[in-house]
Every structure is written in C-alpha cells, then in structure tokens.
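Visitor: need a structure here:
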Amino acid sequence: METKDNNLKLPQIDRKLAHDIRNSLAVIKMDSETALLTENLASDVKKILRQIGIEVDNINKMFD
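Guide: The predicted structure follows:
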C-alpha cells in the first residue's frame with residue numbers, strides 16, 4: 001500500500017495495522033448487513049444499520 005501524497009511505502013507495522021483494521025471493519029459491516037435481514041426490524045434500527053455500512057465504507061476509503 002502506498003500513500004497518495006508522497007508515494008512512500010508504509011512501514012510493515014502500518015500495513016499490518018491497516019490490514020487488521022480493515023478485517024475488523026469487514027466484520028462490523030457483515031454483522032450490520034446480516035442484522036438487516038431480521039424480520040420486523042424497526043425502521044430507525046434499519047437506518048442506523050445502513051449508516052454503519054456507509055461509515056465503514058468511508059473509513060475503508062481512507063486506507064486506499
């Protein structure tokens with residue numbers, strides 16, 4: 001992974017940290033999407049779960 005600003009490669013520890021964070025975010029997003037499959041889920045809960053997915057995507061973009 002390279003930074004866009006100066007094209008320097010991230011140190012190994014930073015790449016591992018980014019990988020670990022992305023994995024954790026993937027679990028959060030998957031759990032949110034799974035919860036959305038629940039029948040009779042209140043609309044405000046659905047809205048929050050959808051927002052979680054959006055925020056996870058936004059955080060992941062920071063690592064690109």
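
Visitor: pLDDT score for the residue nearest in space to the middle of the chain?
Guide: With distances taken as C-alpha atoms, centre = their mean, the residue of the chain nearest its centroid is Val56 (3.0 Å). If you check Val56, the pLDDT there is 96.

Visitor: Tell me the confidence at the nearest residue to it once chain neighbours are set aside?
Guide: Take Val56 and drop its neighbours on the chain: the residue closest to it by C-beta to C-beta, 6 or more residues apart in numbering is Lys29, 4.4 Å away. Where you see a C-beta, it was placed from the backbone N, CA and C, and this is true even at glycine. Lys29 carries a pLDDT value of 97.

Visitor: which residues does the residue nearest to the centre of the chain contact?
Guide: Contact analysis of Val56 by C-beta atoms under 8 Å, 6 or more residues apart in numbering lists Leu25, Ala26, Ile28, Lys29, Ser32.

Visitor: Can you tell me which of these lies closest to Asp14?
Guide: Leu25 (16.2 Å; C-beta to C-beta).

Visitor: Tell me who's in contact with that closest one.
Guide: Shown in contact with Leu25 (C-beta under 8 Å, 6+ apart): Val56, Ile59, Asn60.

Visitor: picking that back up, dump the contacts of Val56 to JSON lines, plus secondary structure and distance to Val45.
Guide: Shown next, in JSON lines, are these (DSSP: H, G, I helix; E, B strand; the rest coil; distance: C-beta to C-beta, whole Å):
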{"residue": "Leu25", "secondary structure": "helix", "distance to Val45": "20"}
{"residue": "Ala26", "secondary structure": "helix", "distance to Val45": "21"}
{"residue": "Ile28", "secondary structure": "helix", "distance to Val45": "15"}
{"residue": "Lys29", "secondary structure": "helix", "distance to Val45": "16"}
{"residue": "Ser32", "secondary structure": "helix", "distance to Val45": "10"}
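
Visitor: Just the closest of those to Arg50, please.
Guide: Distances from Arg50 to those, taken as C-beta to C-beta, are shortest for Ser32 (7.9 Å).

Visitor: Quick check: Leu41 touching Ser32?
Guide: No - between Leu41 and Ser32 there is no contact under C-beta atoms under 8 Å: 11.5 Å.
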